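Asker: Everything below, folded, please.
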Amino acid sequence: MSGFSDAWLRARANWDGPARNRTVEDALRVWAGGHADRLVIVDLGAGNGNNQRHLAPLFSLPVDWLLVDNDPALLAAADSRAVLKDGDRLACRTTDLGSEDLEKLIAGADLVTASALFDLVSMPWLDRMLDALEKHSSALLAVLTYDGRMEADVNGGETGMVRRLFNRHQQGDKGLGPALGPEAASALSARLRDRSYDLFEGDSDWSISVGDPGADELVSGWVSAASEIAPELASEISSWGAKLLDARGSHIRVGHRDHFAIPRIN
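Answerer: As a prediction, the model looks like this:
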């Protein structure tokens, strides 16, 4: 999978927290409150642990955390910054999710979670993961899945062009086959409804001001990705990015969806 820097993940954490869908999070709290014993939670593509740090205060029961990523440096950062209460335990595993036996990884998990992962995976990989999830009756919390929407306070036509090109780029292979990209959120909804799950979902859009830490890197990433798809438009795309970053106080919105799926009791 494509790598992300610790600095970038720390910057985006400032957008992730406020963006998370509160209805989905409330459903998670109710589900967790229905358990009498400790929870086992597997965090896929855990990176530097942003997801673990956000979720940890939501659980009153002790938790066995397993954080999984292909970057040992990010996992070391996750381990050092983990939020743990008395009774919690945390383990980190460096592995390639493309070759990992997902069924063995998920076995025994009450909850499988991932943040900003499923837009990077292919449909066959997603189906294998959901098959393993269903086999072991594990719940799923998928947060901040990109859904193809992106708005910015600059020329609307140019923004639409960059969005379309970026979305095409997002469907390239990120290490787990041709990525779902902007189709990931709708694919998650459809696939979970096809299985024996009750589903809670809602928008979790980033709301970003130009000048926020990480905003320059975000826009530069869009410019680079769009230019890779349409090199003949690179000058126009770069001009769009420069205008946006020069417009201090301008606003950017990036569309995401959160999903929480609970095995249905028949």
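Asker: Show me the strands in the stretch 151-266 of the chain, by range?
Answerer: Counting by DSSP state E, counting those that start in this stretch, the stretch 151-266 of the chain has these strands, from start to end: 197-203, 206-209, 251-263.
Asker: again with the stretch 1-150 of the chain
Answerer: Under DSSP E, counting those that start in this stretch, the stretch 1-150 of the chain gives strands at 39-44, 63-69, 89-94, 111-115, 139-152.
Asker: Contacts only, for R257.
Answerer: Each residue near R257 by Cβ atoms under 8 Å, 6 or more residues apart in numbering is listed here: N21, T145, D147, A185, L188, S189, E201, G202, D203, S204. C-beta here means a position set from N, CA and C on the backbone, and glycine is covered the same way.
Asker: Quick check: closest non-adjacent residue to the residue nearest the centre of the chain.
Answerer: The C-alpha lying nearest the average C-alpha coordinate of the chain belongs to A116 (Cα atoms, centre = their mean; 1.2 Å). Nearest residue to A116, sequence neighbours excluded (Cβ to Cβ, 6 or more residues apart in numbering): L144, at 4.6 Å.
Asker: Just give me the neighbour total for that neighbour.
Answerer: Residues near L144, counting by other Cβ atoms under 10 Å, number 27.
Asker: Kindly report the same for the one 4 residues further on.
Answerer: The criterion is other Cβ under 10 Å. On that basis, G148 has 19 neighbouring residues.
Asker: Next one: it from H169, what distance?
Answerer: For G148, the distance to H169 under the criterion Cβ to Cβ, to the nearest Å works out to 12 Å.
Asker: overlap in contacts of the two?
Answerer: Common contacts of G148 and H169 (Cβ under 8 Å, 6+ apart): G181.
Asker: pretty sure K135 contacts K104?
Answerer: No. K135 lies out of contact with K104 (Cβ atoms under 8 Å); the separation is 11.2 Å.
Asker: Quick check: the gap between the nearest residue to T94 once chain neighbours are set aside and D96.
Answerer: Nearest non-adjacent residue to T94, counting by Cβ to Cβ, 6+ apart: P72, 4.7 Å away. For P72, the distance to D96 (Cβ to Cβ) stands at 12 Å.
Asker: Quickly list what's touching both of the two.
Answerer: A shared contact of P72 and D96, defined by Cβ under 8 Å, 6+ apart, is any residue touching both; here there are none.
Asker: show me what contacts L74?
Answerer: Taking Cβ under 8 Å, 6+ apart as the test, what L74 contacts is F4, D6, L9, A46, G47, N48.
Asker: Check what pLDDT the third one gets.
Answerer: As predicted, L9 sits at a pLDDT of 92.
Asker: count of residues packed around it?
Answerer: Should you count by other Cβ under 10 Å, L9 turns out to have 20 residues around it.
Asker: ditto for the first one
Answerer: By the criterion of other Cβ under 10 Å, F4 has 16 neighbours.
Asker: Wait, it touches G45, no?
Answerer: No. If you go by Cβ under 8 Å, F4 and G45 don't touch, sitting 9.5 Å apart.
Asker: ok, A32 touching L39?
Answerer: Yes. At 6.7 Å, A32 counts as touching L39 under the criterion of Cβ under 8 Å.
Asker: who touches both of these two?
Answerer: Taking Cβ under 8 Å, 6+ apart as the criterion, A32 and L39 both touch F59, L61.
Asker: can you give me the helices in the stretch 101-250 of the chain?
Answerer: Residue ranges of the helices in the stretch 101-250 of the chain, as given by DSSP state H, counting those that start in this stretch, are 102-106, 123-135, 156-170, 184-193, 215-229, 234-246.
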